[in-house]
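Student: What follows is a predicted protein model with its sequence.
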Amino acid sequence: MFQSQFDGASLFSGGGFMPPSDSTQSSEPSPSSSRNRGNSTLIPMTVKQISQVLSDDNSSAGVEALESNNVRLVGMVANKVERVTDVQFILDDGTGRIDVHRWVNDATDSNEMAIVKNGIYVRVIGHLKSFQGKKHATAFSVRPITDFNEITCHFLECIYVHLSNTKQMGGSPQPQKSSVTTALGNGPMGNSTPAKHIQFTGHPALVGSEDDINTRVKKVFMEPDALKNDEGLHVDEVAQRLPGISKQRIMKAIDFLVGEGEIYSTINDYYYKAAATM
Amino acid sequence: MDISSPAVFVNGELLKMHTGRRVRSVVQVVRVDTGGFVAQTSDGLQLSVKATTVDPLSKFVEVIGVAEGNQTIRAEMCTNFGDAFDMASYNQLCQLANSEHNSLFI
């Protein structure tokens, strides 16, 4: 259970770390897909990794994925130069150095950049751009690091995401993954996957208390396919999805949920729909 | 972009593999000496750090510099890392960054 929770998809998709597989592997250079911010995710990376992707001539898809995704870098600020419209500095993360530009549009931006000084550690969120043949990062956010454990965490996440992305190609054996998860510890990042156990709990032996049935009937109405139907679900459909619970008990639960305002009847007394979508 | 002079994450044991190269290590300060300080690495070994200017140091300090020997770093830069830093996790990061995943770092 613990291992499966630490699966890359469930761990990072919620937080937006992992690129959706279709956007990373996409080889067609359609401008609409690269501009589609909805697909872009935040990938923790080292400067060395970025330069590797860029220097590999065969990886135009990789470069494109890199440019359409946001990256998170953690490192030390050097050579900070302030101008009227932007602030530039070199970010040294110990694996390499990269130029970072931060456009300064309003007072919030200039306040944020004023506390960034040479020699301090910062977390940069931004994306990569080419200008006159040179790659640099354009930052949306530059924040000083106050808890230095974040540096350890960032680099562990770089390893973890790298492993998770290469795993599909048959890359990493299990022990490496477990060593990273041990190092990451039992952090607050364990997004649990949404409970999808409704289909599997229909065994008569598992039928629980009245409260339990009410909850399970409500969950059926909260399923995405039930929500998208204007007329909601027929009572028989609900019964089908909860084998092992008698129709009478389901009707009783529906009555209860109607009373609670959780669901309402739609086209007739046999069709019900959830009142709220969440 | 410039990746010519990386600084490798090291603990006391790994320092020996990087003599003459740039390294970075978070250490716990034991005592300040003339011309530097004595520190304990994340794997519990003793290390002497040569530093020209020693500012007031916090309990944990990151030293970036050149590995001069098995137990000595000539510091280019010392950064205070505060008084609460998880050395156990850092030690594991050092090991991962020097084993099968070193391509991400050096």
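Tutor: Received the coordinates, thanks.

Student: Just the CA trace of the helix or strand that A:Thr152 is a member of, in PDB.
Tutor: Using DSSP states H and E, A:Thr152 maps to helix A:149-167. Presented in PDB, the C-alpha positions along helix A:149-167 are these (Å, rounded to 0.1, in the frame of the first residue of the first chain):
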ATOM      1  CA  ASN A 149      16.000  20.700   4.200                       C
ATOM      2  CA  GLU A 150      14.300  21.900   1.100                       C
ATOM      3  CA  ILE A 151      17.600  21.600  -0.800                       C
ATOM      4  CA  THR A 152      17.900  17.900   0.200                       C
ATOM      5  CA  CYS A 153      14.300  17.400  -0.700                       C
ATOM      6  CA  HIS A 154      14.600  19.100  -4.100                       C
ATOM      7  CA  PHE A 155      17.500  17.000  -5.200                       C
ATOM      8  CA  LEU A 156      15.900  13.800  -3.900                       C
ATOM      9  CA  GLU A 157      12.800  14.700  -5.900                       C
ATOM     10  CA  CYS A 158      14.900  15.300  -9.000                       C
ATOM     11  CA  ILE A 159      16.200  11.700  -8.700                       C
ATOM     12  CA  TYR A 160      12.700  10.400  -7.900                       C
ATOM     13  CA  VAL A 161      11.000  12.100 -10.900                       C
ATOM     14  CA  HIS A 162      13.900  11.100 -13.200                       C
ATOM     15  CA  LEU A 163      13.500   7.500 -12.100                       C
ATOM     16  CA  SER A 164       9.700   7.700 -12.500                       C
ATOM     17  CA  ASN A 165      10.000   9.000 -16.000                       C
ATOM     18  CA  THR A 166      12.600   6.500 -17.100                       C
ATOM     19  CA  LYS A 167      10.900   3.600 -15.400                       C
END
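
Student: what is the mean pLDDT for it?
Tutor: The predicted model gives helix A:149-167 an average pLDDT of 90.

Student: Mind giving me the packing neighbours of that helix?
Tutor: Helix A:149-167 makes packing contacts with helix A:8-12, strand A:42-44, strand A:70-82, strand A:121-131, helix A:174-184, helix B:87-97 when contacts are defined by 3 or more CB pairs under 8 Å, 6 or more residues apart in numbering or on different chains; DSSP states H and E. Just so you know, the C-beta spots here come from the backbone N, C-alpha and C atoms, and that holds for glycine as well.

Student: residues of it that come out buried?
Tutor: By neighbour count, and taking 16 or more other CB atoms under 10 Å in any protein chain shown as the criterion, the buried residues in helix A:149-167 are A:151-165, A:167.

Student: Listing request: residues of chain B with sub-threshold pLDDT.
Tutor: Low-confidence segments of chain B, defined by pLDDT under 70, are located at B:54.

Student: quick one, the helix holding A:Thr152 and strand A:70-82 angle?
Tutor: Using axes from the mean of the first three to the mean of the last three CA atoms, to 10 degrees, one finds that helix A:149-167 and strand A:70-82 are set 140 degrees apart in direction.

Student: on that earlier part again, right, and the helices and strands packed on helix A:149-167 - which one's nearest A:Pro224?
Tutor: In terms of CB to CB, the element of the helices and strands packed on helix A:149-167 nearest to A:Pro224 is helix A:8-12, at 17.7 Å.

Student: ok, what's across the strand from A:Lys134?
Tutor: Per DSSP bridges, the residues bridged to A:Lys134 are A:Phe131.

Student: Would you mind telling me which of the helices and strands packed on helix A:149-167 is nearest A:Ser141?
Tutor: Ranking the helices and strands packed on helix A:149-167 by distance to A:Ser141, with CB to CB as the measure, places strand A:121-131 first at 4.3 Å.

Student: Can you name the residue of chain A nearest chain B?
Tutor: Using CB to the nearest CB, the point where chain A gets nearest to chain B is A:Gly96, with a distance of 3.5 Å.

Student: Find me the pLDDT at that residue, would you?
Tutor: 91.

Student: That one contacts B:Ile3, doesn't it?
Tutor: Yes: using CB atoms under 8 Å, A:Gly96 is in contact with B:Ile3, at 3.5 Å.

Student: More neighbours: which of the two?
Tutor: The residue with more neighbours, out of A:Gly96 and B:Ile3 and counting by other CB atoms under 10 Å in any protein chain shown, is A:Gly96; that gives 23 against 18.
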